[in-house]
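*Asks:* Predicted structure and sequence below. I'll ask about it afterward.
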Amino acid sequence: MVIGPGLYLPHGQVVIDGITDIASDCVVFPWVTVGLKAGNFRGPTIESGTHIGTGAKVLGPVTIGPGAIIGANAVVVDDVPAATTVVGVPARILDKR
């Protein structure tokens, strides 16, 4: 796991598993899981300025683009483009800034 400077965990209760990269200035709210999909030890790559909402799951070897917002309780199993908001199960694009 590689974590860049400025990671903010407001309340803890976060699981980060596998070979995962989290860039600088990200915010990860409580009850978030950043982890693996069965049979693959490569976890997500989360680029700078990303916000991950309470209870969200980011699973597998996906890339979360810079400035993306993951909504509360979203389940991300596909790449998320830069400056995009995703919500739902599975996560889908709500807004692109």
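*Replies:* That came through, no problem. Numbers count the residues shown, from 1 in each chain.

*Asks:* What's opposite D95 in the beta bridge?
*Replies:* T85 (DSSP bridges).

*Asks:* That one: neighbour count?
*Replies:* Neighbour count for D95, taken as other Cβ atoms under 10 Å: 10. For every residue, glycine as well, the C-beta is placed using N, CA and C.

*Asks:* measure it to I16 for me?
*Replies:* Distance of D95 to I16, given as Cβ to Cβ, to the nearest Å: 26 Å.

*Asks:* cool, and L9?
*Replies:* The separation that L9 has from I16, given Cβ to Cβ, amounts to 10 Å.

*Asks:* Give me the more crowded residue out of those two.
*Replies:* A count of neighbours by other Cβ under 10 Å puts I16 above the other of L9 and I16, at 19 against 14.

*Asks:* if I pick that one, what's in contact with it?
*Replies:* 1, 22, 34-35, 43 (Cβ atoms under 8 Å, 6 or more residues apart in numbering).

*Asks:* Can you add neighbour count and pLDDT and give those residues back as a markdown table?
*Replies:* Below are these laid out as a markdown table (neighbours: other Cβ atoms under 10 Å; pLDDT from 0 to 100):
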| residue | neighbour count | pLDDT |
| --- | --- | --- |
| M1 | 11 | 81 |
| I22 | 22 | 96 |
| V34 | 24 | 96 |
| G35 | 16 | 93 |
| G43 | 23 | 93 |
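
*Asks:* Filter the residues you listed down to the ones in strands?
*Replies:* Mapping the contacts of I16 onto strands (DSSP state E) picks out 22, 34-35, 43.

*Asks:* Distance to G53 added to those, as JSON lines?
*Replies:* Shown next, in JSON lines, are these (distance: Cβ to Cβ, whole Å):
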{"residue": "I22", "distance to G53": "15"}
{"residue": "V34", "distance to G53": "13"}
{"residue": "G35", "distance to G53": "16"}
{"residue": "G43", "distance to G53": "18"}
